[in-house]
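**Student:** just the structure for this:
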Amino acid sequence: MAISGRDAGTWRNWAGNVTVTPARWYRPVSADGIAEAIAGAARDGLTVRAVGSGHSFTPIAATPGAMLDLSGWTGIVAADTRTGLVTVRSGTRLRELNADLDRLGLALANLGDIDAQTIAGALSTGTHGTGAALGGLATQVEALELILADGTVVSCSADERPALFSAARVGLGALGIITEVTLACVPAFALAAEEGPEPVADVIERFGELAAGHDHFEFYWIPYGRNALVKRNNRLPADRAPAPLPAARRFYEYEIMENAGFGLLCRTGRVAPRLIPRLNRITSAALSRRSYSDRSYRVFTTPRRVRFVESEYAIPVDTAPAALAELRREVPKLADPVMFPVEVRVAAADDIWLSTANGRPSAYIAIHQYSGLPYQAYFALFESIVAGVGGRPHWGKLHTLDAGRLRELYPHFGDFVQVRDEVDPAGRFTNAYLDRVLGPPPAGPVTGLPPEGPG
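**Tutor:** Alright, predicted model coming up:
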């Protein structure tokens, strides 16, 4: 189904920092419908972008051309509980996928901490979790099906069109529209979670030891505070039954404290920014401890209802302590105080061309600022720190790098662009963001605007 002109409406991402009014909306509910939408956009001279849940902070999904809403293209297509191979439609949200896999006795080996994204959107932007021995979500992909700019339906894997597969697992939506994803799942498992405050200076000093010593490790530093909230998640032995947080405690911890309570503090800080350092010191001192165990996806993910903007960079894991120490020294010097925590995670090296962990074990530092508060100087400071150690930006989070700099950071950047130019030489799937980070396609920048005359 296509909706055109004024009826299309304005699209906003989750954070509200990206808005666009596309010339066409398509809401296909089949692979044929997706192909028809691409063909229809081509007839009208429009670029095409697929949109998921809008959880990217960059305008990676935005286009003034045709936007494909894949929320009607969901569900598991096939599942083999013996091999763990599961094929899922691209518009399926991680929240629904996790629940469906659990009913099959399966799970994803690693996840990020937000489950609102579609599987295709999460893959295309390089979503990752944390774990020194584990890769990001894209490392769990066995095969992909895409519809290319010419309407061709293609499959790719390590054995079938391997170059396209190496590019498309983190493809930025630049190669085609993903229709199906085949994932290598593992038997369902539970995690034992230990969460609590520790002096941030000690956590940074012991970073390598802590990251290597746990299946999943991360911490949050609240600027101006002395404590970090440290999370250690380890696999629960199969013969031990999980002991989840009681429903009332879970509601209190996550909905009351981490969302409603923290949101109130953020709104206070936005009204009176001079109070932010004091509010953060109080929050840091008040961090509580909790120990529980639960199904893996219920430990990995948490609800996020307080809106913010974010920048995240992957850096070589051994450079993280020095980068974090510098960030701690410099943040108090900023004219505009920082309300939101800094999140730190780790991942194993992988071989995916535009994965932020390509070829190197990585530490991920993610900085945030509450919506409505100034963030530009803070994010610029952060970029200056990580630039010195070859930081690679998360594709869905705010950064200022362009193709010239990114080519220096990714050994296979040229290979990716070559595949993009082969499968989409006219730039049907490009937009302003992709033109910046990849360079324009061979045909040159495409406006994505419809031709003059009736639509």
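**Student:** OK, contacts around the most centrally placed residue in the chain?
**Tutor:** For the chain, Thr127 is the residue whose C-alpha lies nearest the centre (Cα atoms, centre = their mean; 3.7 Å). Counting by Cβ atoms under 8 Å, 6 or more residues apart in numbering, Thr127 touches 112, 117, 136-138, 396. All C-beta atoms are positioned from the backbone trio N, CA, C, and that covers glycine.
**Student:** how about these in TSV, adding distance to Phe416, pLDDT and neighbour count?
**Tutor:** Compiled in TSV, the contacts of Thr127 are given as follows (distance: Cβ to Cβ, whole Å; pLDDT from 0 to 100; neighbours: other Cβ atoms under 10 Å):
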residue	distance to Phe416	pLDDT	neighbour count
Gly112	22	94	18
Gln117	22	96	24
Gly136	16	95	29
Leu137	18	97	26
Ala138	13	98	24
Gly396	17	97	23
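**Student:** how far does stretch 28-37 sit from its chain's centre?
**Tutor:** 25 Å (Cα atoms, centre = their mean, to the nearest Å).
**Student:** and if you look at stretch 203-220?
**Tutor:** So, by Cα atoms, centre = their mean, the centroid of stretch 203-220 is 21 Å from its chain's centroid.
**Student:** ditto for stretch 100-120
**Tutor:** 14 Å.
**Student:** which of the residues in it are buried?
**Tutor:** By neighbour count with 16 or more other Cβ atoms under 10 Å, stretch 100-120 contains the buried residues 100-101, 104, 106-120.
**Student:** measure that stretch end to end?
**Tutor:** 17 Å (Cα to Cα, to the nearest Å).
**Student:** surely Arg27 is in contact with Met67?
**Tutor:** No. Under the criterion of Cβ atoms under 8 Å, Arg27 is not in contact with Met67, lying 9.5 Å apart.
**Student:** looking at the two, which has the bigger crowd around it?
**Tutor:** Met67 (27 against 17; other Cβ atoms under 10 Å).
**Student:** the more buried one looks like it's in a strand, true?
**Tutor:** Yes. Met67 forms part of a strand when assessed by DSSP: H, G, I helix; E, B strand; the rest coil.
**Student:** burial of the closest residue in space to it that isn't next to it in sequence, as a residue count?
**Tutor:** Closest residue to Met67 apart from its sequence neighbours, by Cβ to Cβ, 6 or more residues apart in numbering: Pro22 at 4.3 Å. The tally of other residues near Pro22 (other Cβ under 10 Å) stands at 27.
**Student:** against Thr10, how distant is Pro22?
**Tutor:** 9 Å (Cβ to Cβ, to the nearest Å).
**Student:** can you check Ile367 too?
**Tutor:** Look at Ile367 and Thr10: by Cβ to Cβ, they are 28 Å apart.
**Student:** next one: Gly196
**Tutor:** With Cβ to Cβ as the criterion, Gly196 and Thr10 are 43 Å apart.
**Student:** from the buried residues of stretch 100-120, which land in strands?
**Tutor:** 106-107 (DSSP state E).
**Student:** shouldn't Glu383 be in contact with Thr400?
**Tutor:** Yes. If you go by Cβ under 8 Å, Glu383 and Thr400 touch, sitting 6.4 Å apart.
**Student:** residues in contact with the residue nearest to Met67?
**Tutor:** Going by Cβ under 8 Å, 6+ apart, Pro22 touches 8, 11, 63-67.
**Student:** which of the three states applies to it?
**Tutor:** Going by three-state DSSP: Pro22 is coil.
**Student:** let me know the pLDDT of it.
**Tutor:** Looking at Pro22, its pLDDT stands at 96.
**Student:** ok, now Glu253?
**Tutor:** 89.
**Student:** that one against Pro244, yeah?
**Tutor:** No. Using Cβ under 8 Å as the test, Glu253 is too far from Pro244 to be in contact (11.8 Å).
**Student:** where do the strands sit along the stretch 351-455 of the chain?
**Tutor:** With DSSP state E, counting those that start in this stretch, the ranges of strands along the stretch 351-455 of the chain come out as 362-370, 392-393.
**Student:** so which of the ones you listed comes closest to Leu85?
**Tutor:** strand 362-370 (27.0 Å; Cβ to Cβ).
**Student:** now that closest one: mean pLDDT?
**Tutor:** Taken as a whole, strand 362-370 carries a mean pLDDT of 98.
**Student:** also stretch 159-168?
**Tutor:** The model assigns stretch 159-168 a mean pLDDT of 98.
**Student:** so how far is that stretch from its chain's centroid?
**Tutor:** Relative to its parent chain, stretch 159-168 has a centroid offset of 21 Å by Cα atoms, centre = their mean.
**Student:** stretch 85-93 now?
**Tutor:** With Cα atoms, centre = their mean as the basis, stretch 85-93 stands 17 Å off its chain's centre.
**Student:** list the buried ones in that stretch?
**Tutor:** 85-93.
**Student:** same thing with stretch 363-375?
**Tutor:** Neighbour-count burial for stretch 363-375, counted by 16+ other Cβ under 10 Å, picks out 363-373, 375.
**Student:** same list, the residues you listed, but as CSV with distance to Ala426 please.
**Tutor:** Formatted as CSV, the buried residues of stretch 363-375 follow (distance: Cβ to Cβ, whole Å):
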residue, distance to Ala426
Ala363, 39
Tyr364, 35
Ile365, 38
Ala366, 35
Ile367, 37
His368, 37
Gln369, 38
Tyr370, 41
Ser371, 37
Gly372, 40
Leu373, 41
Tyr375, 36
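**Student:** closest one of these to Pro341?
**Tutor:** His368 (6.8 Å).
**Student:** contact partners for the closest one?
**Tutor:** For His368, the contact set (Cβ under 8 Å, 6+ apart) comprises 308-310, 340-343.
**Student:** burial count for the nearest residue to it once chain neighbours are set aside?
**Tutor:** The shortest distance from His368 to any residue other than its chain neighbours is 3.7 Å, reached at Phe340 (Cβ to Cβ, 6+ apart). Neighbourhood size, Phe340 [other Cβ under 10 Å]: 26.
**Student:** my read is that Phe340 contacts Arg304, right?
**Tutor:** No. With contact defined as Cβ under 8 Å, Phe340 does not count as touching Arg304 (11.1 Å).
**Student:** pick out the most distant pair among the buried residues of stretch 363-375.
**Tutor:** Longest span within these, Cβ to Cβ: Ala363 and Gly372, 29.2 Å.
**Student:** Thr10 against Trp25, yeah?
**Tutor:** No. With contact defined as Cβ under 8 Å, Thr10 does not count as touching Trp25 (10.9 Å).
**Student:** between the two, tell me which one has more neighbours.
**Tutor:** Neighbours per residue, other Cβ under 10 Å: of Thr10 and Trp25, the larger number sits with Trp25, 19 against 8.
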